[in-house]
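Colleague: Just need the structure, nothing else, for what follows:
(2 chains)
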Amino acid sequence: MTSRCEATTRTMPGAAVIELSGEVDGTAADVLTAAYQDAVSGTDLGVVVLDFASVVYINSTGIALIVSILARARAERRKVVASGLSAHYREIFDITRLSDFIELFPDLDHAVSQLTGPAA
Amino acid sequence: MTSIAQPAPGRPRRLDAFAVASEPGNERLAITRVAAILSSAGLSAGRLERLKTAVAEATMNAIEHGNGNHAEIPVDVEVIARGDEITVAISDQGGGPEAEPEADAEQPDLAKKLDGLQSPRGWGLFLIRNMVDAMEVTTDGQRHTVWLTMRTTAPEGAEHDEQV
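Modeller: As a prediction, this is how the structure comes out:
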């Protein structure tokens, strides 16, 4: 009944995208850390998009992992944005104040179009 | 002379009682079962999601801090309905004199966490308090119980209530 966290990374103009699925809990630590490293290594990308559209569960340990990723990104002068959160998890991002530091988009398309701007 | 009686709060009804082994991840078993028994209890989808998060966090605390991840020590979960209130009681065996009172837990501060002044962890109790209408803690010297209460009718000013 549980589904471990999985991550797929890709790069877009100006942004690294990490698409997460499954459960973001304590077991996701290695996956999340490796995904971030993979997404930004060798790049000077200034934005990291965390897409939660396929995430079914986030607990307090998962919140701590997101805090750690955010702290690392800020130290590297990268902006973190998030997409695809359900209303419940958007509320949790609000009450933890994560949404003060991570801009939220309804879905990945909105995030990408906002970040890359209109086509020339 | 006439008088209007207040509605009786009603007798408590136990909707379910079960136990999970104290193994990491078993909070998912608890929330799946609680969600199933409460699927038609009158909670909105949004309030049920909140209660599920609180149950998950309280069960995680019971597994890890109350029972020390000793699988053979169960975490007991009881679901009770009374009037327009649903209460989930989560009990572990960590209620001894060495138990740390919940009130002593440090309030998480994200800015401090990002500056390395607080551990990134420490969100569990904060989430519980913010998810439910009421939280109480009782101990009897051995047994430690967290009581999570949610009304089926949303309090005035509740935000995000119908969202999921």
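
Colleague: hey, let's count contacts and neighbours off CA atoms from now on
Modeller: Noted.

Colleague: What strands line up against the lengthiest strand in chain A, and which way round?
Modeller: With DSSP state E setting the assignment, residue counts place strand A:47-58 as the longest strand in chain A. Using DSSP bridges, the strands paired with strand A:47-58 in its sheet are strand A:15-24 (parallel), strand A:79-83 (parallel).

Colleague: The helix or strand following the last one: which residues count as buried?
Modeller: Scanning the chain past strand A:79-83 towards its C-terminal end, the next helix or strand to appear is helix A:87-95 (assignment: DSSP states H and E). Of all the residues in helix A:87-95, those buried under the rule 16 or more other Cα atoms under 10 Å in any protein chain shown are A:A87, A:H88, A:Y89, A:R90, A:E91, A:I92, A:F93.

Colleague: ok, now which ones touch the third one?
Modeller: Each residue near A:Y89 by Cα atoms under 8 Å, 6 or more residues apart in numbering or on different chains is listed here: A:I58.

Colleague: Which pLDDT does the model give it?
Modeller: The per-residue pLDDT reported for A:Y89 equals 98.

Colleague: quick one on the thing from earlier: between the strands paired with strand A:47-58, which one is closest to B:D84.
Modeller: Among the strands paired with strand A:47-58, strand A:15-24 comes nearest to B:D84, with 32.0 Å by Cα to Cα.

Colleague: Can you spell out which helices and strands pack onto the next helix or strand after that closest one?
Modeller: Next along the chain after strand A:15-24, taking DSSP H and E as the criterion, comes helix A:29-40. In this structure, helix A:29-40 makes packing contacts with strand A:6-12, strand A:15-24, helix A:60-75, judged by 3 or more Cα pairs under 8 Å, 6 or more residues apart in numbering or on different chains; DSSP states H and E.

Colleague: For the last one, output the C-alpha coordinates as PDB.
Modeller: Coordinates of each C-alpha in helix A:60-75 appear next as PDB, following Å, rounded to 0.1, in the frame of the first residue of the first chain:
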ATOM      1  CA  SER A  60       6.800  15.900   8.800                       C
ATOM      2  CA  THR A  61      10.100  14.100   7.900                       C
ATOM      3  CA  GLY A  62       9.400  14.900   4.300                       C
ATOM      4  CA  ILE A  63       8.900  18.500   5.200                       C
ATOM      5  CA  ALA A  64      12.300  18.400   6.900                       C
ATOM      6  CA  LEU A  65      13.800  17.000   3.700                       C
ATOM      7  CA  ILE A  66      12.300  19.900   1.700                       C
ATOM      8  CA  VAL A  67      13.600  22.400   4.200                       C
ATOM      9  CA  SER A  68      17.100  20.800   3.700                       C
ATOM     10  CA  ILE A  69      16.900  21.100  -0.100                       C
ATOM     11  CA  LEU A  70      15.700  24.700   0.200                       C
ATOM     12  CA  ALA A  71      18.600  25.600   2.600                       C
ATOM     13  CA  ARG A  72      21.100  24.000   0.200                       C
ATOM     14  CA  ALA A  73      19.600  25.800  -2.800                       C
ATOM     15  CA  ARG A  74      19.600  29.100  -1.000                       C
ATOM     16  CA  ALA A  75      23.300  28.600  -0.100                       C
END
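
Colleague: now the helices and strands packed on helix A:29-40 as TSV including mean pLDDT?
Modeller: Supplementary listing: the helices and strands packed on helix A:29-40 in TSV, determined by pLDDT from 0 to 100:
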stretch	mean pLDDT
strand A:6-12	92
strand A:15-24	95
helix A:60-75	97
